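Engineer: predicted model and sequence below, questions to follow.
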Amino acid sequence: RVGRVIFSGIQPTGVPHLGNYLGALSNWVKLQRTAKPEDELLFSIVGWHALTLPQNPDTLAASRRDMLATLLAIGLDPKRSILFHQDHNPAHTEFAWILSCITPIGKLRRMTTWKARVAASRNANDESEVDETLLNAGLFTYPVLQAADILIYKATHVPVGEDQTQHLELCRDLAYTFNRTFAADEPLFPVPSQLNTPSRRILSLRDPTSKMSKSSPDLQSRILLTDTFPEIKSKLRAAVTDSVLGITYDPLMRPGTSNLLTILAACTDEDVHHVARRYEGKGHGHLKTDVAEAVEEMIKGPRTEFERIRQETEFLEEVAKEGGEKARERSEATMREVRERLGL
Ligand code: ADP
Ligand code: NA
């Protein structure tokens, strides 16, 4: 191939929040816009990964649809990028199994995501006791499935945030190991590299020491891509800042204020220090009003599109079907080669 093969995935977790959009999804749209004609782009809704946590079937079905509608609403074009559900291509799980057989469990144990799961399942009274009923095998092998997602398309570039660097490192290791073990003469898999996208960490509006996340029970802590202007304004008005006079960008000492500046700079595509200087002598109220307007300006298009596309269930099914077909087609030759090299 002459061009790059760009792959990324997102879990079907309903309507994305501002963190998902600014940290991940908006980069996909930018990539689609700046890619060369010979580049290939694949964006997957990874339903199998979602199963590592308990899911309500009706909610999951709706979230899968909503995520596809979101991808279309923000400007991903199914004629240019392959948009598909991971679970429409069984090759992901077939290859994940094969990779799991060459993955040392020590490497999986060292994954910080896994360590966080283990830590979260420790008994509050007796730290040495882990409640293993809270830990399933899928959570443990999650990065192996992720590696399979990437490799079956022979992806060369993976746009993911810094929180995914360790997973991608494992993927690269597995590509090396597979090539060395089963494809010594002619490496089958390119070793993919992380495509560094602006790593913006958007923080919770209510607790700016943690990131904006769908798992927070406080609905005021995050702005959804479907929020109306009044909702955006009210969430920002209630955003936790500080009582220091004036505005400065100081993520350590002033995380709440700095988070608002980060959001504003991301919305207007400016340098955050540059934005901060503009607000030096101004107050938080002024900043919050401007952030609300900038967020509204950025999401009003996608929001309207989302509400429209969401209703078009037949169209969505058609896009999903076509995407699935293209994805299966893309991985078929690689999987044939994989089986042959393994003696299957
Ligand atoms: P959540 O933390 O809400 O559960 P996910 O873990 O499903 O979100 O993340 C989906 C994508 O969005 C990932 O690429 C992740 O890096 C990005 N992302 C999630 N939260 C944020 C945030 N607060 N700031 C920037 N990017 C984020
Ligand atoms: Na998460």
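Structural biologist: Perfect, I can see it now. Just so it is clear, the model here is predicted, and its values are computed rather than measured. Ligands and ions are numbered 1, 2, ... in the order given.
Engineer: roughly how far apart are Asp227 and Val118?
Structural biologist: Here the criterion is Cβ to Cβ, to the nearest Å. By it, Asp227 lies 35 Å from Val118. All C-beta spots, glycine's among them, are computed from the backbone N, C-alpha and C.
Engineer: same question, Leu188
Structural biologist: Distance from Leu188 to Val118, by Cβ to Cβ: 34 Å.
Engineer: more neighbours, Asp227 and Val118?
Structural biologist: More crowded of Asp227 and Val118, by other Cβ atoms under 10 Å: Asp227, with 20 against 16.
Engineer: low-confidence ranges in the stretch 51-200 of the chain?
Structural biologist: In the predicted model of the stretch 51-200 of the chain, residues 184, 198-199 satisfy pLDDT under 70.
Engineer: residue of it closest to ligand 1, please.
Structural biologist: Residue of the stretch 51-200 of the chain nearest ligand 1, by Cβ to the nearest ligand atom: Gly161 (3.6 Å).
Engineer: repeat for the chain
Structural biologist: Gly23 (2.0 Å).
Engineer: ok, that residue - contacts?
Structural biologist: 161, 199-202 (Cβ atoms under 8 Å, 6 or more residues apart in numbering).
Engineer: which one (most neighbours) among those residues?
Structural biologist: Ile202 (22 neighbours).
Engineer: so who does that residue touch?
Structural biologist: 18-19, 22-23, 211-212, 259, 262-263, 266.
Engineer: who wins for most neighbours among the residues you listed?
Structural biologist: Compared across the contacts of Ile202, Ile263 has the highest neighbour count, 28 neighbours, by other Cβ under 10 Å.
Engineer: with adjacent residues omitted, what lies nearest to it?
Structural biologist: In this structure, Ile263 finds its nearest non-sequential neighbour in Val291, 5.6 Å apart by Cβ to Cβ, 6 or more residues apart in numbering.
Engineer: check what pLDDT the one you found gets.
Structural biologist: Listed pLDDT for Val291 reads 98.
Engineer: next, count neighbours for it.
Structural biologist: A count of nearby residues for Val291, using other Cβ under 10 Å, gives 23.
Engineer: secondary structure element holding it?
Structural biologist: helix 284-311 (DSSP states H and E).
Engineer: and Ala119, by the same measure?
Structural biologist: Counting by DSSP H and E, Ala119 is found in helix 112-120.
Engineer: again, but for Asp126
Structural biologist: Assigned by DSSP H and E, Asp126 belongs to no helix or strand.
Engineer: torsion angles phi and psi at it?
Structural biologist: Backbone geometry at Asp126, expressed as degrees, to the nearest 10, gives phi -130, psi 100.
Engineer: and what of the one 3 residues further on?
Structural biologist: The phi/psi pair for Glu129 (degrees, to the nearest 10) reads phi -100, psi 120.
Engineer: wait, it touches Val118, no?
Structural biologist: No - using Cβ atoms under 8 Å, Glu129 is not in contact with Val118; the gap is 11.4 Å.
Engineer: get me the contact residues on the stretch 151-300 of the chain for ligand 1.
Structural biologist: 160-161, 163, 200-202, 211-215 (Cβ under 6 Å from any ligand atom).
Engineer: among those residues, which are in helices?
Structural biologist: Among these, no member falls in helices (criterion: DSSP state H).
Engineer: would you turn those residues into CSV with distance to Thr334?
Structural biologist: CSV is the format used below for those (distance: Cβ to Cβ, whole Å):
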residue, distance to Thr334
Val160, 21
Gly161, 26
Asp163, 28
Arg200, 33
Arg201, 34
Ile202, 36
Lys211, 35
Met212, 37
Ser213, 35
Lys214, 33
Ser215, 35
